[in-house]
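Generate a structure from the sequence data that follows.
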Amino acid sequence: AFFANKVEHESRHCNGKGLQRQGSSYFDRVYTANQNCGHAYPTFLAVLWCAGLLCSQAPAAFAGLMYLFVRQKYFVGYLGERTQSTPGYLFGKRIILFLFLMSVAGILNYYLVYFFGSDFEIHIKTITGAISPLLLIP
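Below is the predicted model of the structure:
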C-alpha cells in the first residue's frame, strides 16, 4: 500500500490527474521500483508458504518479516541513486534463498520419512531456527 500510494502521489505531483507513465525521472524511478516489488512478491509468497508448511513456521515467519523490511529498503534505495537499491536487492535474494532451502529441506524430510522411516524434522527445525538470526547480518 505504501508503494502504490507513493506512485499515486508522484503521479499527481508531476502530471496533475490520473496515473500516467510520462513524467519526471523521479516518477519513473518510483513507478519502476513499485513494479519491481510487485513482480517479486508472488515468488516470495510461494517460498514463504512452502517453507512454513513443509519445514518450520517460526523461522519462515521471521524471514518473511525480514523480507518485507528489505523490500522497503530496496524501494527507498531505488528512489535515490540506483546503486543505493543494490544492498536491499542482494539481501532480499539471500532471504528468498533461505526460504527456498527450507522448502527443499522439508520436502527431503518428507521423502525420507515416506521411503525410509527416518524423521529429521526436529533436526531441521533446530538448524533453521539457529540459522535464521544469521539473516540479520548484512
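
mind listing the helices for this protein?
For the chain, the helices defined by DSSP state H cover 2-15, 25-54, 57-79, 86-116, 121-131.

Low-confidence bits of the chain, can you list those?
Residue ranges of the chain with pLDDT under 70: 2, 11, 13-24, 82.

between the helices of the chain, which gets nearest to Ile137?
helix 86-116 (9.5 Å; CB to CB). Quick note: C-beta positions are derived from backbone N, CA and C, even for glycine.

Pop out the phi and psi values for Cys55.
Backbone geometry at Cys55, expressed as degrees, to the nearest 10, gives phi -120, psi -80.

Quick check: closest non-adjacent residue to it.
Gly106 (3.7 Å; CB to CB, 6 or more residues apart in numbering).

Over to Asp119: give its phi and psi.
phi -110, psi 120.

Let the chain start at 649 from now.
Got it, the first residue is 649 from now on, which makes the last one we talked about Asp767.

just checking, it touches Tyr758?
No - in this structure Asp767 lies outside contact range of Tyr758 using CB atoms under 8 Å: 9.6 Å.

Pull the contacting residues for the closest residue to Arg742 other than its chain neighbours.
Ranked by CB to CB, 6+ apart and with sequence neighbours excluded, the top spatial neighbour of Arg742 is Leu783, at 7.0 Å. By CB atoms under 8 Å, 6 or more residues apart in numbering, the contact set of Leu783 is Phe710, Ala711, Met714, Arg742, Ile743, Phe746.

pretty sure Gly777 contacts Ala709?
No - between Gly777 and Ala709 there is no contact, the gap being 11.4 Å when judged by CB under 8 Å.

Provide a list of residues in contact with Gly700.
Gly700 neighbours (CB under 8 Å, 6+ apart): Ala708, Ala709, Gly712.

same deal with Pro786?
Pro735, Phe739.

Please report the distance of the most centrally placed residue in the chain from Gly740.
In the chain, the residue lying closest to the centroid (CA atoms, centre = their mean) is Tyr715, at 4.0 Å. Between Tyr715 and Gly740 the computed distance is 6 Å (CB to CB, to the nearest Å).

Then Cys703?
19 Å.

Give me the more crowded residue out of the two.
Cys703 (25 against 21; other CB atoms under 10 Å).
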